[in-house]
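Peer 1: Pasting the sequence and the predicted coordinates here, then a few questions.
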Amino acid sequence: MKTKVLFSCLLIAGTVGSAFAQEPVDTAMIRKIRNEGLNHSKVMESAFYLTDASGPRLSGSPELKHAQEWAVNQLKSWGLVNAQREPWGKFGKGWEVQKNYVAMTAPYYHALVGIPKAWTPGTNGQVSGDVVLIKIDTIADFDKYRGKLKGKVIIFDTKASAERTYKADAMRYADSDLVAMTKPLEPRGQRGGFDRTAALKLRALRTAISEFLAGEQVGLILTQARGTDGTVFTTNGASYADTAKTVPAELETSGEDFQRILRLVKAGIKVNVEADIKTQLFTDDEQGYDVVAEIPGTDKKLKDQVVMIGGHLDSWHGATGGTDNAAGSAVMLETMRILKAVGFKPRRTIRIALWSSEEQGLFGSRGYVLNHFGDPKTMELKPEQAKLSAYYNLDNGTGKIRGIYLQGDTAAGPIFQAWLNPFKDLGASTVTIRNTGSTDHVSFDAVGIPGFEFIQDPMDYGSRTHHSNQDTYDKMSEDDLKQAATIAASFVYHTAQRDEMIPRKALPKPQPPRN
């Protein structure tokens, strides 16, 4: 593997010089795109409507539907065709928070930072209860608490989630970081074996605890969220499936608040917490939807071929999903606006897709790929698969584009290097053979379609905003998003105009079913 990657990197390096001469770059159109993208941008306007105006966009929620409908109408207003919410398959129940108040009232008053876990119920009015520290290692431990927990607030003995550090939250890639990306990865050491049996036993115990606490009618469960300095990284506490069982109300609490309560209870000091939480499930429409729209191609021979761009529109519920991923969605919307604003009439059709349910497992893009292109489990492909030149994705926060991951597509390297060359002054020049995963381009790659993710500056994505209560409009960098949309528009332009489609890797093998 190391030899293969090294060969690929050397191949890219050895052909870049000739690529600049051989791969056409339309400098006149790039000037138009740069002027529109950098001097007349609407990217923050789109970001505002996707975040502040729409709210948290959890999968299946009314807020996600609102954002999707706004995006459809906006795309139509820019002159795109076939703009719609396209169903991709069944998702499950929608959910939203409608009220959330929680505070410690004894031994003194203190408002707590807490966020309901997704798809958990509310408290059915205000509850007030003493905090009880419980320890359950086996099902036999249930007997210690049976009949004693009704109306109580439950916590578990949990270590602080992280030691405090004094490193900067945000960072940009240094030139040395980008150079390192172009080099082969060092082989990883031997990992310890995964004990599947132990993991299944732990999962079964957690399920049993949840069912036991629901049966005991506890008032509220407080769990410690990941994060420091008031940042709460949110998760789900129940399933969105329509067959899911009822669970107790549960709040993820900031580490500072949780540890304070835990210290007091361990010291034998009575702690009382009151809460009034209202959440609602939505079951009237359990389908999942993506937003799609097109700029139709004009070349008689090429208009049936397609260039796709996208990012996921869904978010978590602790904030308004600014960097994850209103940023990527706004950039891709802006990319389409730029291309329309400069009067571009593409040879190939250009299609945007804003995915849903990425956060639950890339469901929106996987459903779309299954419906349009083929099944990665069997590699039975549909005719449309052969007509998609490339898919470009953006989903790594608000940072500017610094280059592109090739996802192992060696032959695309010289092409992309030529297209990045005009943007060196904007900090984008890196092409790496490396792969990156965990977002929607992977769905396309799985059926042999060239799917790419752009390299972005990390900023404070991993340390502060990703899935957290800090992920708001305010954390989005306007200049970076303008730069990203400008570069994405240039990539789309050149892909749409190129005589040939983007080169493809060998088709992947069918994916074996998971046990």
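Peer 2: Nice, thanks for sending it over. Residues are numbered from 1 along each chain as shown.
Peer 1: Distance of the residue lying farthest from the centre of the chain relative to Leu220?
Peer 2: Largest separation from the mean C-alpha position in the chain: Gly268, at 42.5 Å (Cα atoms, centre = their mean). Distance, Gly268 to Leu220, using Cβ to Cβ, to the nearest Å: 21 Å. To be clear about C-beta, it is placed using only N, CA and C from the backbone, and glycine gets the same treatment.
Peer 1: And for Pro107?
Peer 2: 18 Å.
Peer 1: and if you look at Leu50?
Peer 2: Counting by Cβ to Cβ, the separation of Leu50 from Leu220 is 32 Å.
Peer 1: Need the nearest residue in space to His40, chain neighbours excluded.
Peer 2: Of all residues not flanking His40 in the chain, Ala341 sits nearest, at 7.2 Å (Cβ to Cβ, 6 or more residues apart in numbering).
Peer 1: Just the CA atoms of stretch 353-363, as CSV, please.
Peer 2: Extracted C-alpha coordinates of stretch 353-363, given in CSV (Å, rounded to 0.1, in the frame of the first residue of the first chain):
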residue,chain,number,x,y,z
ALA,A,353,-27.9,18.5,-4.2
LEU,A,354,-28.3,19.5,-0.6
TRP,A,355,-28.5,16.2,1.4
SER,A,356,-30.5,15.3,4.4
SER,A,357,-29.7,12.8,7.2
GLU,A,358,-26.0,12.9,6.6
GLU,A,359,-25.5,13.0,10.3
GLN,A,360,-27.3,9.7,10.8
GLY,A,361,-25.2,7.9,8.2
LEU,A,362,-25.1,9.7,4.8
PHE,A,363,-28.7,8.5,4.2
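Peer 1: buried sites along it?
Peer 2: By neighbour count on 16 or more other Cβ atoms under 10 Å, the buried set for stretch 353-363 is Ala353, Leu354, Trp355, Ser356, Ser357, Glu358, Glu359, Gln360, Leu362, Phe363.
Peer 1: The residue nearest to His40 reaches Ser41, doesn't it?
Peer 2: No. Using Cβ atoms under 8 Å, Ala341 is not in contact with Ser41, being 10.2 Å away.
Peer 1: looking at this, Leu354 is in a strand?
Peer 2: Yes. Assessed with DSSP: H, G, I helix; E, B strand; the rest coil, Leu354 lies in a strand.
Peer 1: can I assume it is in contact with Asp290?
Peer 2: Yes. Between Leu354 and Asp290 there is a contact under Cβ under 8 Å: 6.5 Å.
Peer 1: Next, give phi and psi for Leu370.
Peer 2: Main-chain dihedrals, Leu370, degrees, to the nearest 10: phi -60, psi -40.
Peer 1: ok, it - contacts?
Peer 2: Leu370 sits next to Trp88, Gly89 when contact means Cβ atoms under 8 Å, 6 or more residues apart in numbering.
Peer 1: Distance-wise, check it relative to Pro376.
Peer 2: 8 Å.
Peer 1: tell me, how many neighbours does the nearest residue to Leu394 once chain neighbours are set aside end up with?
Peer 2: In this structure, Leu394 finds its nearest non-sequential neighbour in Gly328, 3.7 Å apart by Cβ to Cβ, 6+ apart. By the criterion of other Cβ atoms under 10 Å, Gly328 has 32 neighbours.
Peer 1: and stretch 136-144, how far apart are its ends?
Peer 2: 9 Å (Cα to Cα, to the nearest Å).
Peer 1: cool, stretch 387-397 as well?
Peer 2: Stretch 387-397 has an end-to-end distance of 30 Å (Cα to Cα).
Peer 1: And the average pLDDT for that stretch is what?
Peer 2: Stretch 387-397 comes out with an average pLDDT of 98.
Peer 1: Kindly report the same for stretch 168-175.
Peer 2: For stretch 168-175, mean pLDDT is 91.
Peer 1: Stretch 417-433 too?
Peer 2: On average, stretch 417-433 scores 98.
Peer 1: buried residues in that stretch?
Peer 2: Across stretch 417-433, burial judged by 16+ other Cβ under 10 Å covers 417-420, 422-423, 426-428, 430-433.
Peer 1: Can you tell me which of those residues is nearest Pro121?
Peer 2: Proximity of the buried residues of stretch 417-433 to Pro121 (Cβ to Cβ) peaks at Thr432, which lies at 45.8 Å.
Peer 1: quick revisit: in the buried residues of stretch 353-363, find the pair that's most separated.
Peer 2: Within the buried residues of stretch 353-363, Ala353 and Gln360 form the most distant pair, 17.0 Å apart (Cβ to Cβ).
Peer 1: that older thread, is the residue farthest from the centre of the chain within a helix or a strand, and which one?
Peer 2: Using DSSP states H and E, Gly268 sits within no helix or strand.
Peer 1: Also Phe452?
Peer 2: Assessed by DSSP H and E, Phe452 sits inside strand 451-456.
Peer 1: what's the average pLDDT for that strand?
Peer 2: Here strand 451-456 scores 98 as its mean pLDDT.
Peer 1: what packs against it?
Peer 2: The criterion is 3 or more Cβ pairs under 8 Å, 6 or more residues apart in numbering; DSSP states H and E, and the helices and strands that strand 451-456 contacts are strand 388-393, strand 401-405, helix 441-445, helix 478-497.
Peer 1: and the second one, how far out from the chain's middle?
Peer 2: Which is strand 401-405. Distance of strand 401-405 from the chain centroid (Cα atoms, centre = their mean, to the nearest Å) equals 17 Å.
Peer 1: surely Ser41 meets Ala484?
Peer 2: No. In this structure, Ser41 is not within contact of Ala484 by Cβ under 8 Å, at 10.6 Å.
Peer 1: ok, these two, which is more surrounded?
Peer 2: Between Ser41 and Ala484, Ala484 has the larger neighbour count (other Cβ under 10 Å), namely 31 against 21.
Peer 1: Give me the nearest residue to Thr105, chain neighbours excluded.
Peer 2: Counting by Cβ to Cβ, 6+ apart, the residue nearest Thr105 is Asn272, at 4.9 Å.
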